[in-house]
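Asks: output the structure for:
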Amino acid sequence: MGLFLVIMGVQGAGKGTQATFIAEEYHIPHISTGELFRAMKTRSDELAQRVQAILRAGLLVPDDITNAVLLDRLQQPDAGAGAILDGYPRNIAQAEWLGDHLAQQGEKLAAVLSLDLDPYTAFKRAFGRVSAASGEQYNIYTNNEGLEWRMVDHPQKEYPARLEVKLQRTGELLQRRSDDEAVPVIKRIDTYLQETAPLLDYYRGKGLLVQIPADQLIAAVSRDLKRVIDAIR
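Replies: Presented below is the predicted three-dimensional model:
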């Protein structure tokens with residue numbers, strides 16, 4: 001029996017970091033649907049062309065094609081012993097498909113790991129993060145020693161003010177991801193809260209949901225996850 005897990009969490013909960021930890025600790029692939037869709041841009045097969053056309057049109061990838069993309073990945077040899085799924089399922093229909101597919105393979109989900117974080121903390125973690133050219137990571141709220149930051153208005157007031165952050169010792173202007181501005185962050189948090197509540201209830205009803213407080217140090221969250229997974233195994 002393989003180790004198949006789903007990890008869920010609002011923006012800023014550390015889902016990617018913890019999924020990577022689980023993948024390395026238990027020697028199973030970290031399968032992110034976002035990364036799978038991005039990888040489709042470099043492929044030329046029929047499935048990839050269908051995904052590319054949908055993404056070019058700015059549309060949401062429908063469930064049947066999302067399922068097909070995931071199936072394509074799960075059929076690769078490294079997923080034979082399990083996988084940690086990140087960004088999937090996003091709705092009840094996808095959850096049911098996943099359960100049916102695993103059952104057909106003589107497998108089942110071991111657990112659904114929910115990294116719980118309140119929306120305010122989630123916003124601060126996403127909106128406040130910046131990085132130096134060296135790759136060093138900071139956050140204006142929690143890891144801000146040596147930072148100088150301010151909100152800069154748009155010259156014509158056509159857009160919301162943007163966050164500008166500098167390193168005091170060098171004057172280096174730190175970089176931010178474009179989707180970490182306030183409006184996109186709030187939209188992602190709202191979408192997660194709206195879409196995820198039914199999934200949490202669905203998996204809770206099946207006895208698969210395990211909730212882990214994500215407002216801890218990264219190492220503490222990793223320890224909690226390992227304790228849960230080891231107990232399940």
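
Asks: distance from the lengthiest helix in the chain to the middle of the chain?
Replies: In the chain, taking DSSP state H as the definition, the longest helix is helix 182-205. Offset of helix 182-205 from its chain centre (CA atoms, centre = their mean, to the nearest Å): 12 Å.

Asks: what strands line up against the helix or strand just after that helix, and which way round?
Replies: Counting by DSSP states H and E, the next helix or strand C-terminal to helix 182-205 is strand 209-213. Strand 209-213 sits in its sheet next to strand 109-116 (parallel), going by DSSP bridges.

Asks: per-domain residue ranges of this protein.
Replies: The chain breaks down by automatic domain parsing into domains covering 3-120+183-232, 129-175.

Asks: quick check: beta-bridge partners of Leu85?
Replies: Residues in beta-bridge contact with Leu85 (DSSP bridges): Val6, Ile31.

Asks: isn't it right up against Leu5?
Replies: Yes. Proximity of Leu85 to Leu5 meets the contact threshold set by CB atoms under 8 Å, at 6.8 Å. (Glycine included, C-beta is placed from N, CA and C.)

Asks: which residues do these two both contact?
Replies: Residues touching both Leu85 and Leu5 (CB atoms under 8 Å, 6 or more residues apart in numbering): there are none.

Asks: re the thing from before, in the longest helix of the chain, what counts as buried?
Replies: Within helix 182-205, the residues that count as buried by 16 or more other CB atoms under 10 Å are Val185, Ile186, Arg188, Ile189, Tyr192, Thr196, Leu199, Tyr202, Tyr203.

Asks: backbone dihedrals for the residue nearest to His101 when sequence neighbours are not counted, please?
Replies: With sequence-adjacent residues excluded and distances taken as CB to CB, 6 or more residues apart in numbering, His101 is closest to Leu71, at 6.8 Å. Phi and psi for Leu71, reported as degrees, to the nearest 10, are phi -60, psi -40.

Asks: tell me the pLDDT of Leu71.
Replies: Model confidence at Leu71, given as pLDDT, is 95.

Asks: now it: how far from Gln104?
Replies: For Leu71, the distance to Gln104 (CB to CB, to the nearest Å) stands at 11 Å.

Asks: the more surrounded of the two?
Replies: Leu71 (13 against 8; other CB atoms under 10 Å).

Asks: neighbours around Val228, how many?
Replies: 17.

Asks: now the helix or strand containing it, how far from the chain's geometric center?
Replies: Element membership for Val228 (DSSP H and E) is helix 218-232. Its chain's average C-alpha position is 18 Å from that of helix 218-232, according to CA atoms, centre = their mean.

Asks: what's the following helix or strand after the helix or strand where Tyr120 lies?
Replies: Per DSSP H and E: Tyr120 is located in helix 119-127. Beyond helix 119-127 on the C-terminal side, the first helix or strand identified by DSSP H and E is strand 129-131.

Asks: Provide the contact partners of the helix or strand just after that following strand at residue level.
Replies: Using DSSP H and E, the helix or strand that follows strand 129-131 towards the C-terminus is strand 137-139. With CB under 8 Å, 6+ apart as the test, strand 137-139 has contacts from Lys124, Arg125, Gly128, Arg129, Val130, Ser131, Ala132, Asn143, Asn144, Leu147, Val165, Leu174.

Asks: in strand 137-139, what's buried?
Replies: For strand 137-139, by 16+ other CB under 10 Å, it's Tyr138, Asn139.

Asks: for the record, mean pLDDT for it?
Replies: According to the model, strand 137-139 has a mean pLDDT of 90.
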